[in-house]
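Student: coords please:
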Amino acid sequence: MAKRDDVFPSRFLKCADLNGKPVVVTIESAPIETLKNGKGEETKTVLYFRKTKKALPLNRVNWDSVCDITGEADTENWPDHRIELFPTTTEMKGETVPCIRIRAPAQRELPKPKPAAKPPLADEMDDEVPF
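Tutor: Below is the predicted model of the structure:
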């Protein structure tokens, strides 16, 4: 049996493509493109990523997230920044639907410094008698 996504592949990421797990990606480019939708055409910024086949058109929420993460309001400065895509849900037309959101990649914890070794007890005591 064939699945719908196998018969009609999309060039854009869907929540199901994340397999329920967050994915860290590096932005390759962020051009503005005219996309067709049920209402006609719409202009959107589309994120393309290194080492991936699918792109992500940005809605306002995700566009603002990329701005916050990169510290850049100009999409020309977004390439080479890493972001994390994660699956979640949102309310749309009165229904809860799956969606992709963007956040800063999780920071790896730095190793905690080892506590300094305590000197042996004999070194702490001053046994010298002053007389």
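
Student: which regions of the chain lie under the pLDDT threshold?
Tutor: 5, 107-131 (pLDDT under 70).

Student: residue ranges of the strands in this protein, please?
Tutor: 23-29, 32-37, 40-49, 56-57, 82-92, 95-103 (DSSP state E).

Student: any idea of the angle the fifth one forms with strand 95-103?
Tutor: What separates the directions of strand 82-92 and strand 95-103 is an angle of 160 degrees, with axes from the mean of the first three to the mean of the last three C-alpha atoms, to 10 degrees.

Student: Remind me what strand 82-92 packs against, helices and strands.
Tutor: Counting contacts by 3 or more C-beta pairs under 8 Å, 6 or more residues apart in numbering; DSSP states H and E, strand 82-92 packs against strand 23-29, helix 60-70, strand 95-103. Yep, even glycine has a C-beta here, placed from its N, CA and C like the rest.

Student: That strand relative to helix 60-70, how many degrees between them?
Tutor: Going by the same axes, to 10 degrees, strand 82-92 makes 160 degrees with helix 60-70.

Student: Okay, now the sheet partners of strand 82-92, with direction.
Tutor: Within its sheet, strand 82-92 is paired with strand 23-29 (antiparallel), strand 95-103 (antiparallel), according to DSSP bridges.

Student: C-alpha coordinates for the last one, PDB please?
Tutor: Once side chains and other backbone atoms are set aside, the C-alpha atoms of strand 95-103 remain, and they are given as PDB (Å, rounded to 0.1, in the frame of the first residue of the first chain):
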ATOM      1  CA  GLU A  95      -9.400  22.800  15.800                       C
ATOM      2  CA  THR A  96      -6.100  21.700  17.300                       C
ATOM      3  CA  VAL A  97      -3.700  20.800  14.600                       C
ATOM      4  CA  PRO A  98       0.000  19.700  14.400                       C
ATOM      5  CA  CYS A  99       2.600  22.300  13.600                       C
ATOM      6  CA  ILE A 100       6.300  23.000  13.600                       C
ATOM      7  CA  ARG A 101       7.700  25.700  15.800                       C
ATOM      8  CA  ILE A 102      11.200  27.100  16.100                       C
ATOM      9  CA  ARG A 103      13.400  27.700  19.200                       C
END
